[in-house]
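Chemist: Take a look and give me a structure for this.
(chains A and B)
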There are 2 protein chains.
Amino acid sequence: MPHRPSPEDERLWAELGLDVELHARILESISANFERQVESRSGRPDGMAYFDGVIHGSHGARVREVMTRKKEGAKFVGTFCVYVPEEILIALGTVHLALCGGTAASIPYAEGKFPRNMCPLVKSTLGLALSGTCPYGPLEDLAVGETTCDAKKKTWDVLGREGGFHVLELPQKKGPADRALWLEEVREFARRIEDLNGAKLEEERLRGAVRLMNRKRRALARMHELRKAERPSLSGTDALVVMQVALIDDPERFTGRLESLNGELAARVETGIGALPEGRRRIMIAGCPSVLGFWKIHHLVETVGGIVVVDESCTGTRYFKGLVDETADGLEGLIEAVADRYMTIDCSCFSPNTERMESAVRTAGDYRVDGVVQSILHACHTYNVEAIAMADALKAAGIPSIKIETDYSEEDVGPLQIRIEAFMESLEFRRGD
Amino acid sequence: MPHRPSPEDERLWAELGLDVELHARILESISANFERQVESRSGRPDGMAYFDGVIHGSHGARVREVMTRKKEGAKFVGTFCVYVPEEILIALGTVHLALCGGTAASIPYAEGKFPRNMCPLVKSTLGLALSGTCPYGPLEDLAVGETTCDAKKKTWDVLGREGGFHVLELPQKKGPADRALWLEEVREFARRIEDLNGAKLEEERLRGAVRLMNRKRRALARMHELRKAERPSLSGTDALVVMQVALIDDPERFTGRLESLNGELAARVETGIGALPEGRRRIMIAGCPSVLGFWKIHHLVETVGGIVVVDESCTGTRYFKGLVDETADGLEGLIEAVADRYMTIDCSCFSPNTERMESAVRTAGDYRVDGVVQSILHACHTYNVEAIAMADALKAAGIPSIKIETDYSEEDVGPLQIRIEAFMESLEFRRGD
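Modeler: Numbering: from 1, shown residues only, chains lettered A, B, ... in the order given. As a prediction, the model looks like this:
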């Protein structure tokens, strides 16, 4: 995502039928945030260079890679949620990545057709698609939506009218009938991906994909273990960049690079090299995901004396928690194991979602956090209402928290900074008791 | 809902532990709207007196009736959605009614705890409960929520923590696995109501309840048939009052009174007595429900030259469309027939919801509507996004429509009136072509 797009990139975008000028303007806006909020910070591990590069190449190099894979015969699938069983896509040789938009710059192009009072993630994603500035749109063989929230569910109805869309139904409780429904959904998804590829799912290829995804999850878990250090060697903003890259990069390459980064992070912890100055308040960010383009809250927390040590979100623990059973018997057993793992995700789409509160309190303890910032995207009813139960659970465990409602714009940075700063000071005071 | 509560009412509210003064103030606000928007209109059928009376008695006489039934041993269940299988409640001798709030006056009492950016229906309902002004709250043996939308689903999580709550899971697609899930939900609901009553569901009592509810639905359908007349003998505002009463009144008594009203309406059609002057534009209101307390949109339409001839909503056709098969075999067959009927409801919670668009276009034709007003409550993502597909479907069928987003306040009446009036004029113009 270079400030000045290269002539090569511009040719690519033109070839894909994008609005080249608008696309460059939107990228410039994302790049400016990335440079200011992420790249310009000092004390970053060397290994972050790779992940920065993937962010920079997300509308260039990675697009060309997808095109190359497509020329070799692979199908390309766009996703919007961590519930999409990636193992099945990988096992059938599909290239896939998450298409969630994290920029305010594309939102006006959604608001012409869709309601303004919707979450910025959905509007940003739609805006990129509707304004002809998503380079992956023209390459898509299939998009996979899901029913995690009202805004997304109903948006898929509109987008799905043109075909090339598959909607995964998430159940809303976690009883036996729900598990049966979800297993059927995973099976149906597998059939759809088989049809797309004109190939059958094979046990050993699925097992290989399960192993790869588990290896990826273990590497992410290892990075998180290292964030538990007294003085973490990775900032929360950089950790977020890694999580964002996890959703768009080739899984095997990503995992290798993350394993290398983990080595560097471990060495830094041992030699006492911290990502940020000492004496930081340890913060957990909980709630809505922070997708590529949105570093605002992490940056703010780490600007006013905090360090984000863990994210309780889909760009955090929800993405890698829990492994698929690699030893499950036969193809059907493996599919069930895949379904079982995804069913453990504690998204706010479930009612009740007490396991999320329990898990969040446990996580806050494991990472020895001083306070929790509930980051709620505007108009996200599920996380916004669930914030009540979350605040109650944290309070009962003696963990202070604040809730912020925000979007992708920079307009609320002033008031947000004041609130987050005041929250940090209250934590300081508490420690001084 | 008298302007000045009687001493008897005040004693009742005090006995129930309500905030008597606040309760009187909230009722006064509802009563003022009811008098201005409904009761003060001329040309109303005599039979409406009964339904007006139920509205007036909704916080008095009906409460006393529920208390009497409880003293006789019946359990009382509060509901919030037309998906609740009423047949099962009736068959087990339960008293039930819908607790949805339609007043702006209670909303501030919800916004202290819950997000402001939620739909007024949920906030109004919560506000009545949280401010101690819902007379049914203290009488409730069980409340039944459902997962039709994010705001409601997550609100039940918070309310349900104190027990006495049952959440019905609505599936989000309409495939075989969804039907299986829903049937299991209906069975579980039946078990819960059995436990509540300490009694078993019996085939013949369930069949009787099915017959009663079908008779109620037929009476509502008959009232709607009469609204198809060239000059309807019932205004849309009065029809809405009947629908609102349907959700809170004793089903048997309601049905009898409606059958009488239908007789009067038929006679008025025959003798050419219209509810409103001739030459009205025939309007369908589509989208969110208009529950007790909210007559604003119907009143506006009928103030500026329109007549609402049908509501495509949960306070309209969605409540009575489709009968339960009365001839189903055995208890299990009857339960399945009940589940099947409720599964046909075309709520915007389903993805995709094409049958809603098809049905709405058909309904608009059947009632020979000149235009459709999509009435969307603020922050209702499902109906708001679905309004895009609805507008497209209506347009394809040559039916003009507008979408309004509103809430329970009177603040937007000026701009709304201008927009609805302009819409009516555009219809006039179209007819003049």
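
Chemist: Centroid-nearest residue for chain A?
Modeler: residue A:315 (3.3 Å; C-alpha atoms, centre = their mean).

Chemist: can you give me phi and psi for it?
Modeler: phi -100, psi 30 (degrees, to the nearest 10).

Chemist: What are the structural domain limits within chain A?
Modeler: A:7-202, A:207-322+A:347-432 (automatic domain parsing).

Chemist: Show me where the stretch 251-400 of chain A has its helices.
Modeler: Remark: helices assigned in the stretch 251-400 of chain A by DSSP state H, counting those that start in this stretch are A:251-270, A:296-303, A:317-320, A:330-343, A:354-366, A:381-396.

Chemist: Turn these into JSON lines, columns for distance to residue B:342.
Modeler: No exception for glycine: its C-beta is placed from N, CA and C like everyone else's. As requested, the helices of the stretch 251-400 of chain A are exported to JSON lines (distance: least, C-beta to C-beta, whole Å):
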{"stretch": "helix A:251-270", "distance to residue B:342": "43"}
{"stretch": "helix A:296-303", "distance to residue B:342": "42"}
{"stretch": "helix A:317-320", "distance to residue B:342": "33"}
{"stretch": "helix A:330-343", "distance to residue B:342": "26"}
{"stretch": "helix A:354-366", "distance to residue B:342": "28"}
{"stretch": "helix A:381-396", "distance to residue B:342": "24"}
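
Chemist: Out of those helices, which is closest to residue B:403?
Modeler: When the helices of the stretch 251-400 of chain A are compared by C-beta to C-beta, helix A:381-396 sits nearest residue B:403, at 20.1 Å.

Chemist: That closest one near chain B at all?
Modeler: Yes - against chain B, helix A:381-396 shows contacts by C-beta under 8 Å from any C-beta of the partner chain at A:381-382, A:384-386, A:388-389.

Chemist: what does the stretch 301-433 of chain A put close to chain B?
Modeler: Looking at chain B, the residues of the stretch 301-433 of chain A close enough under C-beta under 8 Å from any C-beta are A:348-349, A:351-353, A:378-379, A:381-382, A:384-386, A:388-389, A:405.

Chemist: so which pair among the residues you listed is furthest apart in space?
Modeler: A:352 and A:378 (24.3 Å).

Chemist: buried ones in the lengthiest helix in chain A?
Modeler: Longest helix in chain A, counting residues (DSSP state H): helix A:203-227. Residues A:203, A:205-207, A:209-210, A:212-224, A:226-227 are the ones in helix A:203-227 that count as buried (16 or more other C-beta atoms under 10 Å in any protein chain shown).

Chemist: likewise stretch A:14-31?
Modeler: Buried residues in stretch A:14-31 (16+ other C-beta under 10 Å): A:16, A:18, A:20, A:22-24, A:26-31.

Chemist: before we move on, what about stretch A:408-415?
Modeler: So stretch A:408-415, judged by 16+ other C-beta under 10 Å, has buried residues residue A:408.

Chemist: Just the residues contacting it, thanks.
Modeler: By C-beta atoms under 8 Å, 6 or more residues apart in numbering or on different chains, the residues outside stretch A:408-415 that reach it are A:102-104, A:107, A:120, A:124, A:293-294, A:296, A:300, A:406.

Chemist: Next, the angle helix A:296-303 makes with the helix or strand hosting residue A:402.
Modeler: Following DSSP states H and E, one finds residue A:402 within strand A:401-406. Strand A:401-406 runs at 130 degrees relative to helix A:296-303, counting by axes from the mean of the first three to the mean of the last three C-alpha atoms, to 10 degrees.

Chemist: Which helix or strand lies directly C-terminal to strand A:401-406?
Modeler: Heading C-terminal from strand A:401-406 (DSSP H and E), you reach helix A:413-432.

Chemist: mind checking how far that next one is from the chain centre?
Modeler: Distance, stretch centre to chain centre, for helix A:413-432: 26 Å (C-alpha atoms, centre = their mean, to the nearest Å).

Chemist: Which residues of the stretch 51-200 of chain A lie near chain B?
Modeler: A:113-115, A:117-118, A:147, A:149-151, A:153-158, A:160-161, A:167, A:169-173, A:177-178, A:180-181, A:184-185.

Chemist: can you tell me which of the residues you listed are in strands?
Modeler: residue A:167 (DSSP state E).

Chemist: What subset of the residues of the stretch 51-200 of chain A next to chain B is buried?
Modeler: With neighbours counted using 16+ other C-beta under 10 Å, these contain these buried positions: A:114-115, A:117-118, A:147, A:149-151, A:153-158, A:160, A:167, A:169-173, A:177-178, A:180-181, A:184-185.

Chemist: Is residue A:239 in contact with residue A:311, as I believe?
Modeler: Yes - using C-beta atoms under 8 Å, residue A:239 is in contact with residue A:311, at 7.3 Å.

Chemist: Mind giving me the packing neighbours of the helix or strand containing residue A:63?
Modeler: Assigned by DSSP H and E, residue A:63 belongs to helix A:61-71. For helix A:61-71, the packing partners by 3 or more C-beta pairs under 8 Å, 6 or more residues apart in numbering or on different chains; DSSP states H and E come out as strand A:76-79, strand A:95-98.

Chemist: And it, what's buried?
Modeler: A:62-63, A:66-67, A:69.

Chemist: Dump the C-alpha coordinates for that helix into CSV.
Modeler: The C-alpha trace of helix A:61-71 is given here as CSV (Å, rounded to 0.1, in the frame of the first residue of the first chain):
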residue,chain,number,x,y,z
ALA,A,61,1.6,-8.1,-4.8
ARG,A,62,-1.0,-10.3,-3.2
VAL,A,63,-3.5,-9.6,-5.9
ARG,A,64,-0.9,-10.6,-8.5
GLU,A,65,-0.3,-13.8,-6.5
VAL,A,66,-4.0,-14.6,-6.5
MET,A,67,-4.1,-14.0,-10.3
THR,A,68,-1.2,-16.4,-10.8
ARG,A,69,-2.8,-19.1,-8.7
LYS,A,70,-6.0,-18.6,-10.7
LYS,A,71,-4.0,-19.0,-14.0
